[in-house]
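[1] fold the following.
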Amino acid sequence: MQNNLKTSLCGMPLNSPIILLSGCVGFGEEYTRIKGFSNSSVGAVCLKGTTLAPRLGNKAHRIAETPNGMLNAIGLQNPGTDSVINDILPSLDKDETRFIINISGSSVEEYGEIAKHFDETDIDAIEINISCPNVKEGGVAFGNDPDMSFRVVEICRKNTNKPIITKLSPNQTDIAANALRCIDAGSDGLAVINTVMGMAIDIEKKQPIIGNNQGGLSGPAIKPIALLKVHQVYEVSKKHKIPIIGQGGIVTAADAIEFIIAGADTVGIGTALFYDPLVCKSINDGISEYLDRHGLNNVGSLVGSLSLN
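    Model (predicted):
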């Protein structure tokens, strides 16, 4: 790995600014079965979304390809916290890379309980998915309400000493204001952005293609939205020295560099892995070459270097 790619996130040293995103690489070992792929090529792997109890997920269809992207509504299918801790975490090769657990809950209390369970493991950090519906209070997503976002981060902070990264939804009025509330509650980092809600329709059946009717749109189609949101969040997070994982449609090194210039300390790769499971090497190589060409010693020298018109 090139030396100029070494960076850090929430105090964790990373060999690369690339983070493999939750939901795209299963529980960390699936892609290692592909010839030429290694988790050592990335800075960290974010494991699949985990809830307190096992979940079967949504009915089919769960995925639909769209122009320059894809819709998904998996429904947080996972074996539950106890199974992940007892059966999956021990099998991960911790010498290859860092591992981050992504947690989801249907109540504030559930988030806190899951965080407490993982605090007692060797997982490197906890990512909070606050895009889940608040079942106790009408089903509105936690992440669309800054006060609810604060409460979720706050209870997780009380239950763990591990770094907390809060994954922000783009489906809200003011993402910067929400980011600030999450920082105030104790978030050590921010992941910007989660998927954008969308729909695809079967015109012959006159029905949504996705069994859940709607799903999260990811891939290159959302990159311009994600870039703007990263810039908006960076404007408030930089004052608190809170790092950002920039994500949403990154496929090439040039895409990744755009996010870093906008304010991302690291970059998340997800949907691109479905197109090319070995894409991380070309992104790493491209970032390293760009830094050399511009006389920059490290990724940090490029973060937030955007100059507005």
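[2] which parts of the one helix or strand K158 maps to are buried?
    Here K158, judged by DSSP states H and E, is contained in helix 146-159. For helix 146-159, the neighbour count (16 or more other CB atoms under 10 Å) marks 146, 148-157, 159 as buried. Backbone N, C-alpha and C define where each C-beta goes, glycine included.
[3] quick check, nearest of these to I85?
    N159 (14.6 Å; CB to CB).
[4] re earlier: check which helices and strands the helix holding K158 sits against.
    Judged by 3 or more CB pairs under 8 Å, 6 or more residues apart in numbering; DSSP states H and E, helix 146-159 is in contact with helix 108-119, strand 125-129, strand 164-168, helix 175-185.
[5] show me the contact partners of the longest one.
    The set of residues external to helix 108-119 that reach it, using CB atoms under 8 Å, 6 or more residues apart in numbering, is 50-52, 81-82, 85, 101, 103-105, 126, 128, 134, 136, 142, 148, 151-152, 155-156, 158-162, 164.
[6] mind redoing it with 6 Å?
    The contact list for helix 108-119 (CB atoms under 6 Å, 6 or more residues apart in numbering) reads 52, 81, 101, 103, 105, 126, 151-152, 155-156, 159-160, 162.
[7] those residues into CSV, with extra columns for distance to M197 and pLDDT?
    Listed next are the contacts of helix 108-119 as CSV, based on distance: CB to CB, whole Å; pLDDT from 0 to 100:
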residue, distance to M197, pLDDT
L52, 25, 97
T81, 26, 98
I101, 24, 98
I103, 21, 97
G105, 19, 95
I126, 24, 98
R151, 22, 97
V152, 19, 97
I155, 26, 98
C156, 24, 98
N159, 29, 98
T160, 29, 98
K162, 30, 98
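[8] and those residues as JSON lines, adding distance to I74?
    Output for the contacts of helix 108-119, formatted as JSON lines (distance: CB to CB, whole Å):
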{"residue": "L52", "distance to I74": "17"}
{"residue": "T81", "distance to I74": "18"}
{"residue": "I101", "distance to I74": "17"}
{"residue": "I103", "distance to I74": "15"}
{"residue": "G105", "distance to I74": "16"}
{"residue": "I126", "distance to I74": "20"}
{"residue": "R151", "distance to I74": "26"}
{"residue": "V152", "distance to I74": "21"}
{"residue": "I155", "distance to I74": "25"}
{"residue": "C156", "distance to I74": "22"}
{"residue": "N159", "distance to I74": "26"}
{"residue": "T160", "distance to I74": "25"}
{"residue": "K162", "distance to I74": "25"}
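[9] what is the nearest of those residues to D202?
    Using CB to CB, G105 comes nearest to D202 of these, at 32.7 Å.
[10] thinking again about what came up before, is it possible to get a markdown table of the helices and strands packed on helix 146-159 that adds mean neighbour count?
    Shown next, in a markdown table, are the helices and strands packed on helix 146-159 (neighbours: other CB atoms under 10 Å):
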| stretch | mean neighbour count |
| --- | --- |
| helix 108-119 | 20 |
| strand 125-129 | 26 |
| strand 164-168 | 26 |
| helix 175-185 | 21 |
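[11] save these as TSV, and put in distance to N72 too.
    Converted to TSV, the helices and strands packed on helix 146-159 look like this (distance: least, CB to CB, whole Å):
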stretch	distance to N72
helix 108-119	22
strand 125-129	14
strand 164-168	15
helix 175-185	21
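[12] quick check, P13 in a helix?
    No. With DSSP: H, G, I helix; E, B strand; the rest coil as the criterion, P13 is located in strand rather than a helix.
[13] ok and the helix holding K158 relative to strand 164-168, angle-wise?
    Between helix 146-159 and strand 164-168, the angle comes out at 160 degrees (axes from the mean of the first three to the mean of the last three CA atoms, to 10 degrees).
[14] contacts for helix 146-159, please.
    Taking contacts as CB under 6 Å, 6+ apart, the residues outside helix 146-159 that touch it are 108, 111-112, 115-116, 128, 130, 142-143, 164, 166, 177-178, 181-182, 185-187.
[15] do the same with stretch 34-45
    Contacts to stretch 34-45, defined as CB under 6 Å, 6+ apart, come from residues 14-20, 25, 28, 31, 96-100, 277-278, 280.
[16] list the buried residues for it?
    Within stretch 34-45, the residues that count as buried by 16+ other CB under 10 Å are 37, 39, 41-45.
[17] mean confidence (pLDDT) on it, please.
    Throughout stretch 34-45, pLDDT has a mean value of 95.
[18] just confirm P170 is within a strand.
    No. Using three-state DSSP, the assignment for P170 is coil, not a strand.
[19] how about it, nearest residue that isn't a chain neighbour?
    I193 (4.2 Å; CB to CB, 6 or more residues apart in numbering).
[20] close enough to count as contact, the one you found and K167?
    No. With contact defined as CB atoms under 6 Å, I193 does not count as touching K167 (8.2 Å).
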